[in-house]
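>>> Okay, sequence plus prediction incoming.
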Amino acid sequence: MKIPRVLFVCTFSGARALMAEKFVNQLAPGKIEAYSSSFESGKIGPVPVAVMKEIGIDLPADAPKPVWDRYMEKEAFDWVITLCHEISGMQRCPIFRENVDDLYAENAKMLSWSVPPFSSLGGSDEEKKAGARKIRDQIKHEVLSFLGQIGIEADITY
């Protein structure tokens, strides 16, 4: 039986997409292949790295592979999930969503999760971490919901 493949995509350096990938790998090891991509390369900020470390998940500081590199390498996915925040007005996600079938496979299913970017967080360092924890927890909740929707039982013992 073919293991399903999911690609998480977000704007900026890809912290939200990488978090979703890490949660899938923790919650459903060997049941689904998860990948992450971003529209920009660069470094992931220290706040997302720190809030994932709090729950025992290492998040690399380097951005995941750019989405266009995956396209050029002709990677195919069963699901493509964007984690773009509609309110922030980023134009790349809507354009990207319109072309997913052409980019990744005619049968790729598209989902969109509206998740705020870490760059939107303000205040003191502790206030930024508190906001980042909310984003992290929202992503975990979305991942658990997604796994349930596609019939994959999550391992929530970690």
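Sure, I can see it.

>>> Please work out how many residues are found near residue 63.
Using other Cβ atoms under 10 Å, residue 63 is surrounded by 21 other residues. No exception for glycine: its C-beta is placed from N, CA and C like everyone else's.

>>> how about the strands in the protein?
With DSSP state E, the ranges of strands along the chain come out as 5-10, 33-38, 79-82, 109-112.

>>> Tell me if I'm right that residue 63 and residue 39 touch.
No. Residue 63 lies out of contact with residue 39 (Cβ atoms under 8 Å); the separation is 9.5 Å.

>>> between the strands of the chain, which gets nearest to residue 125?
Of all these, it is strand 5-10 that lies closest to residue 125, at 22.8 Å by Cβ to Cβ.

>>> for the closest one, packing partners?
Secondary-structure packing of strand 5-10 (3 or more Cβ pairs under 8 Å, 6 or more residues apart in numbering; DSSP states H and E): helix 15-27, strand 33-38, helix 67-72, strand 79-82.

>>> if we can go back for a sec, tell me which of the strands of the chain sits nearest to residue 123.
Residue 123 lies closest, by Cβ to Cβ, to one member of these: strand 5-10, at 22.1 Å.

>>> What pairs with the closest one, parallel or antiparallel?
strand 33-38 (parallel), strand 79-82 (parallel) (DSSP bridges).

>>> Could you count how many residues lie near residue 117?
18.

>>> Quick one: neighbours of the residue nearest to residue 78 when sequence neighbours are not counted, just the number.
Leaving aside its sequence neighbours, residue 78 sits nearest to residue 4 (Cβ to Cβ, 6 or more residues apart in numbering; 4.5 Å). Other residues near residue 4 come to 17 when the count uses other Cβ under 10 Å.
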